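1. Curious how this folds, go ahead:
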Amino acid sequence: MAITAPVTGDTRLIYGCMALGGSWEPGPYRAEDIDEAEAVIEAALDSGITMFDHADIYRHGKAEGVFGEVLARTPGLRERITLQTKCGIRLADGDRPGIYDLRGASILRRVEESLTRLRTDVIDVLLLHRPDPLADPADIAEALASLHRQGLVRQFGVSNMNAAQCAHLQRHLDLPLVANQLEMSLHRRDWLEDGVLVNTPAAAAVGFPAGTVEYCTANAVRLQAYGALAQGRFTGRESSVGEHATAEHLRALAKAKETTPETILLWWLQRHPARIAPVIGTGRPERIRACRDAALRAPDLSHEEWYSLWLTARGGPLP
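-> Numbers count the residues shown, from 1 in each chain. Reported below is the predicted structural model:
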């Protein structure tokens with residue numbers, strides 16, 4: 001299957017590759033896993049998506065592996081896309097539980113392994129997957145500087161970190177952090193609720209680290225939203241009265257704007273002034289194509305429409 005699609009250079013939407021590579025069991029991937037990855041990548045490119053997000057742990061490395069196979073069989077594809085991957089989580093192995101590991105030597109080793117699996121000479125963006133309480137930021141900075149000097153990684157970012165953690169790490173880095181990937185969606189709204197529940201009794205129950213969105217916006221750290229489609233809760237997998245009401249509202253807006261409910265969900269995130277870049281992780285090509293307008297069109301939601309979605313999803317008025 002030939003993959004042909006123009007490069008837009010637009011990071012409005014990101015494809016998350018966690019669904020690629022077959023099962024989550026350790027072991028080799030299959031030939032059909034490569035074919036399925038190729039179909040998914042083609043659907044993403046057809047939909048205007050040229051940035052692909054990985055992690056070294058996805059499917060025990062098989063997600064990166066099958067992606068590398070597709071790159072190897074498709075000349076010129078690597079030059080037309082942006083590759084992002086993450087490191088810092090070590091999966092459970094036998095009696096050893098899963099842990100976080102952001103030691104400099106571990107970062108260097110994991111990046112080398114990702115480069116081999118992805119069959120590429122350079123990673124465009126490397127994210128530190130989760131905070132490691134034992135990590136020494138100076139040690140991290142030395143490892144990242146080495147990767148950059150060698151031309152192995154172009155830019156760096158983080159995932160699942162709060163404002164204070166970002167600032168603490170940035171003080172040791174000469175290169176700027178360019179991204180922070182967090183779970184954000186119309187379902188997972190704590191990042192938004194935190195900002196309006198200040199000075200209310202409900203604030204304590206939110207738990208989202210205050211100031212993180214503002215820090216990232218002020219310091220040009222691009223917010224990337226994983227789980228952006230809310231695991232299908234509003235687009236076919238509704239399981240509550242509230243989710244059903246939100247799904248109905250999404251369908252009505254989609255019909256009025258001649259697009260899909262998936263696009264409306266993504267536009268809701270993109271409409272925020274933080275310039276959030278949603279990450280979509282579905283492994284179904286038809287659902288990727290349902291997100292096409294979110295990659296190719298500016299968010300078409302008025303102020304009132306944006307609030308109407310929020311209020312419907314939260315199931316009650318603002319404080």
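2. Only C-alpha atoms from now on, for both contacts and neighbour counts.
-> OK.
3. buried residues in the helix or strand hosting F67?
-> Using DSSP states H and E, F67 falls within helix 62-73. Across helix 62-73, burial judged by 16 or more other C-alpha atoms under 10 Å covers K62, A63, E64, G65, V66, F67, G68, E69, V70, L71.
4. residues contacting the last one?
-> Meaning L71. Listed by C-alpha atoms under 8 Å, 6 or more residues apart in numbering, the contact set of L71 reads L77, R78, L118, R119.
5. Distance check, A274 against T217.
-> Relative to T217, A274 is positioned 6 Å away (criterion: C-alpha to C-alpha, to the nearest Å).
6. Between the two, which contacts overlap?
-> L223.
7. So which residues of this protein form helices?
-> Remark: helices assigned in the chain by DSSP state H are 31-46, 62-73, 104-118, 137-149, 163-170, 190-196, 212-218, 241-256, 261-270, 285-289, 292-296, 303-314.
8. Tell me which of these is the most buried.
-> helix 261-270 (a mean of 24; mean count of other C-alpha atoms under 10 Å).
9. what comes into contact with that one?
-> Against helix 261-270 from outside (C-alpha under 8 Å, 6+ apart): 12, 184-186, 228-229, 235, 247, 250-251, 253-254, 276-278, 290-294, 298-301, 306, 309.
10. Centre of the chain to it, how far?
-> Computed by C-alpha atoms, centre = their mean, to the nearest Å, the chain-centroid distance of helix 261-270 equals 15 Å.
11. Stretch 152-161 now?
-> Taking C-alpha atoms, centre = their mean, one finds the center of stretch 152-161 at 12 Å from the center of the full chain.
12. Residues touching it, excluding its own?
-> With C-alpha under 8 Å, 6+ apart as the test, stretch 152-161 has contacts from 121-131, 144, 147-148, 166, 175-183, 221.
13. In JSON lines, list the helices of the chain along with distance to V206 and mean pLDDT.
-> As requested, these are exported to JSON lines (distance: least, C-alpha to C-alpha, whole Å; pLDDT from 0 to 100):
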{"stretch": "helix 31-46", "distance to V206": "34", "mean pLDDT": "98"}
{"stretch": "helix 62-73", "distance to V206": "33", "mean pLDDT": "98"}
{"stretch": "helix 104-118", "distance to V206": "32", "mean pLDDT": "98"}
{"stretch": "helix 137-149", "distance to V206": "28", "mean pLDDT": "98"}
{"stretch": "helix 163-170", "distance to V206": "16", "mean pLDDT": "98"}
{"stretch": "helix 190-196", "distance to V206": "6", "mean pLDDT": "95"}
{"stretch": "helix 212-218", "distance to V206": "14", "mean pLDDT": "97"}
{"stretch": "helix 241-256", "distance to V206": "19", "mean pLDDT": "97"}
{"stretch": "helix 261-270", "distance to V206": "19", "mean pLDDT": "98"}
{"stretch": "helix 285-289", "distance to V206": "31", "mean pLDDT": "97"}
{"stretch": "helix 292-296", "distance to V206": "28", "mean pLDDT": "97"}
{"stretch": "helix 303-314", "distance to V206": "13", "mean pLDDT": "98"}
